[in-house]
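**Student:** sequence plus predicted model, see below.
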Amino acid sequence: PFYMVYITNEGNWGSANASLSSYDPVTKVVDNNVFRRSNSVPLGDVAQSSAVYGDDLYIVVNNSGVVFRVDRQSMKIQGKIEGLTSPRFIALASDSKGYISEMYTNQITIFNPASCEIIGSVVLPEDASSEQMVVIGDKLYVAWWSYGNKVYEIDTKTDKVVGEIEVGLQPCSIVADNAGKLWVLSDGGGYPQNPAGYEAPRLMRINPVTKAVERTFTFTEGDYFSSRLALNGAADTLYYTVGGKVWRMAVSDTSLPTTPIIDEGVYYYSMAVDPVSSDLYVGDAGDYVNSGSVSRYSSSGELIDSFSVGISPGSIVFGTSKVE
């Protein structure tokens, strides 16, 4: 099987011009507007994120309050979850249970991935919103980004909050490495006038079993992270973007890197690492009004390809095609 790269383009807020692009890394053929062409309907208003599970691609359309499940071979809609408030990200715990985070409500929506039916919800304490999520074993870890400073632990068997971990202000990104450790990147509030406060951004490594913060890496106050954390396929190397540069560090490192892997002066809007080839993909939103672009680099930082996509490429994911 070969790999296909899927780029979810947010579009402009309120304009319902989100789109989906696909890219074949072997032939370097890019296919834009593939969702609309395959389904004869627009994707919607702000495609926030996407995720590949098996033969399906799930696309979270934030301002439209919908999640689409599409077949990755035909790109046709297989189901959709509607009536959501402000969906941000999804995480699947099993073939029969998935979770959708929400920004403007303290409830995480539980759904059945096969039927796309809403089957319940998890209520977070403190009116917390939810952002990125990651599943480790039978636990779901949820970042409270907007004005928050916690990661909540949810038991996926009972769908109850069973723990919490205090982190830096506004945890915007969360991933799990090959040892099952949580990595949480907090943006520090983002701007001095933030009513929740303002501090130096932090990257933390956390043991989810003991809830102990094992390492804390502190950035410079005001550092702006223009994309989220990314892991390579082996989940032993982290990537992040700050200051118009892409940085790489091993999960075993005890200090932040001092030399970027990519230094093009571009505040990349999205970033992902191909789990097979370790090629690095970065999305550039440009002026956020016209078509953006995606650049593909080797694991050593050499430019391989660059291509135009839709407006504001915000999510890049990978999946094996069913076509042999």
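**Tutor:** Sure thing, it's come through. Residues are numbered from 1 along each chain as shown.
**Student:** contacting residues for the closest residue to C116 other than its chain neighbours?
**Tutor:** Distances taken as CB to CB, 6 or more residues apart in numbering place G79 nearest to C116, at 3.3 Å, with adjacent residues excluded. Glycine gets a C-beta too; all of them are placed from N, C-alpha and C. Remark: with contacts taken as CB atoms under 8 Å, 6 or more residues apart in numbering, G79 is in contact with 68-69, 115-116.
**Student:** in the host helix or strand of G79, what's buried?
**Tutor:** Applying DSSP states H and E as the criterion places G79 in strand 77-81. Buried residues in strand 77-81, counted by 16 or more other CB atoms under 10 Å: 77-79, 81.
**Student:** after that strand, which helix or strand is next?
**Tutor:** Reading on from strand 77-81 to the C-terminus, the next helix or strand found by DSSP H and E is strand 87-94.
**Student:** now do the helices in this structure.
**Tutor:** 34-39 (DSSP state H).
**Student:** how about the residue nearest to G189 when sequence neighbours are not counted, phi and psi?
**Tutor:** The spatial neighbour of G189 that comes closest, neighbours along the chain excluded (CB to CB, 6+ apart), is Y198 at 4.1 Å. The phi and psi values for Y198, taken as degrees, to the nearest 10, are phi -160, psi 130.
**Student:** pretty sure Y198 contacts Q170?
**Tutor:** No: in this structure, Y198 sits apart from Q170 without contact. The criterion is CB atoms under 8 Å, and the distance is 9.7 Å.
**Student:** out of those two, name the residue with the larger neighbour count.
**Tutor:** Q170 (25 against 16; other CB atoms under 10 Å).
**Student:** can you tell me the closest non-neighbouring residue to the more buried one?
**Tutor:** D187 (4.8 Å).
**Student:** from A128, how far off is the one you found?
**Tutor:** From D187 over to A128 the distance is 16 Å, taken as CB to CB, to the nearest Å.
**Student:** do I81 as well
**Tutor:** On the measure of CB to CB, I81 and A128 end up 21 Å apart.
**Student:** before we move on, the earlier item: what touches both of Y198 and Q170?
**Tutor:** Once CB under 8 Å, 6+ apart is applied, the residues that Y198 and Q170 both contact turn out to be 188-190.
**Student:** now do the contacts for the residue nearest to Y269 when sequence neighbours are not counted.
**Tutor:** Taking CB to CB, 6+ apart, and ignoring the residues beside it in sequence, Y269 has A285 as its nearest neighbour in space, at 4.0 Å. Contacts of A285 were listed using CB under 8 Å, 6+ apart, and they are 269, 292, 311-314.
**Student:** please redo it, this time with the cut-off set to 6 Å
**Tutor:** The neighbourhood of A285, defined by CB atoms under 6 Å, 6 or more residues apart in numbering, consists of 269, 292, 312.
**Student:** please name the bridge partners of the residue nearest to G120 when sequence neighbours are not counted.
**Tutor:** Computed as CB to CB, 6+ apart, the closest residue to G120 that is not its neighbour in sequence is I110, at 4.1 Å. Assessed by DSSP bridges, I110 has beta-bridge partners Y99, G120.
**Student:** ok, I110 touching E117?
**Tutor:** No: taking CB atoms under 6 Å as the definition, I110 is not a contact partner of E117, at 9.9 Å.
**Student:** which one's more surrounded, those two?
**Tutor:** For the pair I110 and E117, the greater number of neighbours falls to I110 (20 against 11), based on other CB under 10 Å.
**Student:** how far away is the more buried one from M103?
**Tutor:** Distance of I110 to M103, computed by CB to CB: 17 Å.
**Student:** what's the answer for Y240, then?
**Tutor:** On the measure of CB to CB, Y240 and M103 end up 22 Å apart.
**Student:** could I get the contacting residues of F219?
**Tutor:** Residues in contact with F219 (CB under 6 Å, 6+ apart) are 200-201.
**Student:** list the contacts for T216?
**Tutor:** Counting by CB under 6 Å, 6+ apart, T216 touches 202, 204.
**Student:** most neighbours among the shared contacts of Y198 and Q170, which one is it?
**Tutor:** Within these, neighbour counts (other CB under 10 Å) peak at G188, which reaches 24 neighbours.
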